[in-house]
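Enquirer: This is a predicted model, with the sequence first.
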Amino acid sequence: MKHTITTMTLATLLALPAVAHAQQRVIDVDVTQVKGQLDRMFNLSVGAGRANEGLRADWQQQLAELRKDTGFRYIRMHGLLSDDMAVFRIDAQGKEQYNFQYVDALFDYLQSVGIKPFVELGFMPSAMASGTKTIFWWRGNVTPPRDYAQWERLIKALTTHWTERYGKAEVASWYFEVWNEPNLDGFWAGTQDEYFKLYAHAARAVKSVDASYRVGGPGTAGAAWIPEMIGYASKNSVPLDFVSTHSYGVNQGFLDEFGTTGTVLSPDPMAVTHDVLKNRKEIDASAMPKLELHYTEWSSSYTPSDPTHDSYHQPAYILRKLKQSTGAVQSMSYWVFTDIFEEAGPRFEAFHGGFGLMNTQGIKKPAYFAYQFLNQLGDRELKNADLDSTATLDDKGNAQVLLWDYSHTLPAGINNQQYFIKDLPPKSKGQVKVAMRGLKPGAYTMTVSQVGYKQNDAFTAYIGMGSPKQLTRPQVAALKATATGKPLKQASVTIGRDGVFSTALPLRENDVYLLQLDAAR
C-alpha cells in the first residue's frame, strides 16, 4: 500500500521502537554535487561452476532470472575444454577432431539472455594431456599438453569457430583467460614456466584469429604471480591485455570442500581489498602500467561448504568489499551465481554453504539482493563522505542511496561452520539518518528495500524449519516467498521549496537498505 506523507513523518513510518539517545549515523548528500560516473565493475562478471552444468535447464532458468535482476554482463566458468564438453579427440587414423556442439549450445544460450562469456581456457582434454591427474568430482585434467602446438591448434580452431558463428565484433567484446589457479598444485601439474608456455601458445592462437581479441591471465589463487606474469609477457613479447587473479576472505581451511575442518572469516577490515590494492600497485610499477585488473573469483570464503555464503551477513560483506575496491580493479567476479555446482559432487542438502547467490532450487540467498540493489543504482555517483553507502542519480533525475552496516560478529575460537548455521539475531546499531539536498520541489515516491536478518533472509527461515536436508515443494515455495526483493515500504512524499528530504532508518548489524526517491511524472 502506498501512503501520502510528508518528510516530517517518514521516521515514524519506517522506524522500529527506538531507544532514547541511540547512536545515529548520518548520510548527507547534495544531489547537485556529482562525483562522476558510477563504476559498475561490481556486475561486469559472475562465476559458475563448470561449462557442462550450463546445459541444464534449471541452471539456465536461474541465470536468466539473475541477469534480469542484477545486470551481470559476463559469466566465467571452469571446464570448457574438459572431456564432458567433448571438444577434442584423436580418431582411429590418428587425426585431430574438433567438436563444438556442446559449446555452441551453451554459448548460444548465453547470447539469448544477453550475457557474454568471460572465456576460461581449460582444462586439458584427456586426448591431449601429458598425464592423468585430475581435479574435482567431474575430473578436469590439470596436466600440461603432450604437444603445445596441438594445444595451440585447438585454441585457434575454437576462436575461429566463434568468430564465424558470432562475428568479430562480438568476440572482440569477450575476454579470454588462460587456465585457472596454475599456482596451486591441484589445478596445474606443471611449473610456472610451463604455465607461461601454455599461456603464450594460447594467447598467440587467439591473436592469430584477430589482433583485437583480449587475452590475459594468470587467474591465480591468492593474488599471486602478477609481477611475474607481466615480466614474462614484456620480456618475451607475448600478448597480454589484462591480468587476473582471485582472493577470498578467510584465514584458514584451505578448499575444505565438505566443511570438515572449518573455515574462519578474517576479522581484518581490509580482507580481500588488501590483495586488490597490492595488485594494482604491482601493475602501476610494471612495464605495463595500463593493464586492466580482473578478479575473476572472489567471495568471503573459498569452500563450497561455508554457511557464510547463505547467511544474512553476506550482503553487507559484499558491499563493503566492492566499495573498498572501486577504482583499483576493472571487475570483481563473485564466485558463483548458483549452488548448481558439482566440484565436490552433487550435494545432498538444500542449504550446505554453497558458493551460490541462489541455492539448487532457485531460492535467493541474502547475497543475491546485494547485487539486485546495486543494479538499481543510477549512473551518476554523488559525492558522499559516508564510507558504507553509495548515493546516485539516474538519467531521469531520480535519487538512490544504498547503505549498509557491516559488523564482524564471528566470536574468537569458533569457525564459520559452527557459527553461521544458527539463528543469529543482530544487535541494534541505532539509526541512520539519510538527508538529501538540492532536490527539485514537488511530489515523489519513496521506496525502501531491505535485506538483513529475517528480511529477504531465506536461510534464517530455513533454520526455523529445522534445517531439513531435503525440501518439499511447499517448503521451497515458502522460502522463495520470504526472499523476493520486494520493497519493505513505499510512500508518497512532498519536497518543499527548500529542496530537502530526510528520514531515519532503524539499523541493525549487517542490515542493507536501498532508498529510492522517484519524482512523480
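Expert: Sure, I can see it.
Enquirer: use CA for all of it now, contacts and neighbours both
Expert: Will do.
Enquirer: got the contact list for the host helix or strand of residue 516?
Expert: Using DSSP states H and E, residue 516 falls within strand 512-519. Outside strand 512-519, the residues within contact range by Cα atoms under 8 Å, 6 or more residues apart in numbering are 315-316, 370, 373, 397-405, 442-452.
Enquirer: List the buried residues for the helix or strand where residue 231 lies?
Expert: Assigned by DSSP H and E, residue 231 falls within helix 226-236. Buried residues in helix 226-236, counted by 16 or more other Cα atoms under 10 Å: 226-227, 229-230, 232-233.
Enquirer: I'd like to know which elements that helix is packed against.
Expert: strand 214-220, strand 242-248, helix 273-284 (3 or more Cα pairs under 8 Å, 6 or more residues apart in numbering; DSSP states H and E).
Enquirer: Output the longest one as PDB - backbone C-alpha positions only.
Expert: Going back to what we said before, that points to helix 273-284. The C-alpha trace of helix 273-284 is given here as PDB (Å, rounded to 0.1, in the frame of the first residue of the first chain):
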ATOM      1  CA  THR A 273      40.800  -5.500  -0.500                       C
ATOM      2  CA  HIS A 274      44.500  -5.700   0.600                       C
ATOM      3  CA  ASP A 275      45.100  -8.100  -2.300                       C
ATOM      4  CA  VAL A 276      43.300  -5.900  -4.800                       C
ATOM      5  CA  LEU A 277      45.300  -2.800  -3.800                       C
ATOM      6  CA  LYS A 278      48.600  -4.700  -3.800                       C
ATOM      7  CA  ASN A 279      48.000  -6.000  -7.300                       C
ATOM      8  CA  ARG A 280      47.100  -2.500  -8.500                       C
ATOM      9  CA  LYS A 281      50.400  -1.200  -7.100                       C
ATOM     10  CA  GLU A 282      52.300  -4.000  -8.800                       C
ATOM     11  CA  ILE A 283      50.700  -3.200 -12.200                       C
ATOM     12  CA  ASP A 284      51.400   0.500 -11.700                       C
END
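Enquirer: ok, which stretches of this protein are helices?
Expert: Assigned by DSSP state H, the helices in the chain fall at 10-14, 57-70, 101-112, 148-166, 168-171, 192-209, 226-236, 273-284, 314-325, 366-375, 416-419, 458-464, 473-481.
Enquirer: from these, which stretch is densest packed?
Expert: Highest mean neighbour count among those (mean count of other Cα atoms under 10 Å): helix 366-375, with a mean of 24.
Enquirer: Strand 512-519 and that one, what's the angle between them?
Expert: Relative orientation of helix 366-375 versus strand 512-519 (axes from the mean of the first three to the mean of the last three Cα atoms, to 10 degrees): 30 degrees.
Enquirer: Quick one: list the elements packing against helix 366-375.
Expert: Packed against helix 366-375 by the contact rule (3+ Cα pairs under 8 Å, 6+ apart) you find helix 57-70, helix 314-325, strand 442-451.
Enquirer: With mean pLDDT as added columns, please give those in a markdown table.
Expert: Putting these into a markdown table (pLDDT from 0 to 100) gives the following:
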| stretch | mean pLDDT |
| --- | --- |
| helix 57-70 | 98 |
| helix 314-325 | 98 |
| strand 442-451 | 97 |
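Enquirer: ok so, going back, rebuild the helices and strands packed on helix 226-236 as JSON lines, extending it with mean pLDDT and distance to residue 199.
Expert: Shown next, in JSON lines, are the helices and strands packed on helix 226-236 (pLDDT from 0 to 100; distance: least, Cα to Cα, whole Å):
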{"stretch": "strand 214-220", "mean pLDDT": "98", "distance to residue 199": "8"}
{"stretch": "strand 242-248", "mean pLDDT": "98", "distance to residue 199": "12"}
{"stretch": "helix 273-284", "mean pLDDT": "98", "distance to residue 199": "19"}
